[in-house]
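[1] Everything below, folded, please.
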Amino acid sequence: MNKKYGYARVSATEQNEERQMIAFKRAGIPDSHVFMDKQSGRDFHRADYEKMLSVLQKGDLLYIMSIDRLGRNYVEIQEQWRILTKEIGIDICVLDMPLLDTRTGKDLMGTFIADLVLQILSFVAENERLNIRKRQEQGIAAAKGRGIRFGRPETAVPDDFESIVKAWEQGETSIETVLKKCQISKSTFYRRLREMRNRQED
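    Numbers count the residues shown, from 1 in each chain. Model (predicted):
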């Protein structure tokens, strides 16, 4: 007997897991047949997705909320669609795009329209991802231009850092003592040392 499955993906920053689960429930999919990954769509090395591939059989029906749940890369979306529909032989229903339902329109014209819609939506998904990244980069650059700093705050060093370094360079103290006195890690110490020497050279 052919079975229904649902696949959901949410990234760490997204909060639409519930919306996808509600849609699957409405489609009559039991919770035990829902697979979900909580990570980026940049690749397909996802535990639940791969587990789902191992249980899908020809004639099964897979529901996804939108085409970008398969990923955000044009080539990968196309490839996964091919694997699911051609190699495994399942049907796919994209809930937010009724035209992408492989159960309908299996004639030549219907297949052509579905393939065309898939290509367009895959392109749009990747293009939107690239635009989001570009806007983020522009926003970060603008913020940095206004003096806003990102990442962890810089670890401060003691006011007498130079004299501590001098004592270390002359062999009067060990690196362990220096790190303890400055309360910094070894990598931070060497970074601060390089910065200090660069300032001295300027």
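[2] So residue 180 belongs to a helix, correct?
    Yes. According to DSSP: H, G, I helix; E, B strand; the rest coil, residue 180 belongs to a helix.
[3] got a list of what it touches?
    Applying C-beta atoms under 8 Å, 6 or more residues apart in numbering to residue 180 gives no contacts. Heads up, the C-betas are built off the backbone N, CA and C, glycines and all.
[4] how far away is it from residue 174?
    9 Å (C-beta to C-beta, to the nearest Å).
[5] Could you list the low-pLDDT ranges of this protein?
    Low-confidence segments of the chain (pLDDT under 70): 12-16, 40-45, 72, 105-114, 129, 132, 147, 149-155, 201-202.
[6] Could you list the domains of it?
    Residue ranges for the domains of the chain, per automatic domain parsing: 4-131, 161-201.
[7] mind checking the SS state of the residue of the chain positioned farthest from its centre?
    Distance from the centre of the chain peaks at residue 172, with 49.6 Å (C-alpha atoms, centre = their mean). Look at residue 172: counting by three-state DSSP, its state is coil.
[8] which helices and strands sit right next to the longest strand that the chain contains?
    As assigned by DSSP state E, the longest strand anywhere in the chain is strand 4-10. Secondary-structure packing of strand 4-10 (3 or more C-beta pairs under 8 Å, 6 or more residues apart in numbering; DSSP states H and E): helix 17-26, strand 34-38, helix 47-55, strand 61-64.
[9] and the angle for the first one with strand 34-38?
    To tie it back to what came earlier, the one meant is helix 17-26. Relative orientation of helix 17-26 versus strand 34-38 (axes from the mean of the first three to the mean of the last three C-alpha atoms, to 10 degrees): 170 degrees.
[10] Quick one: residues in contact with helix 17-26.
    Outside helix 17-26, the residues touching it (C-beta under 8 Å, 6+ apart) are 6, 8, 10, 34, 36, 38, 63, 65, 69, 95.
[11] wait, what's in contact with the second one?
    With C-beta under 8 Å, 6+ apart as the criterion, the residues that contact residue 8 are 17, 20-21, 24, 34-37, 64-65, 69.
[12] Report the buried members of these.
    20-21, 24, 34-37, 64-65, 69 (16 or more other C-beta atoms under 10 Å).
[13] what's the distance between the residue nearest to residue 10 when sequence neighbours are not counted and residue 25?
    Nearest residue to residue 10, sequence neighbours excluded (C-beta to C-beta, 6 or more residues apart in numbering): residue 17, at 4.7 Å. To residue 25, residue 17 is 13 Å away according to C-beta to C-beta.
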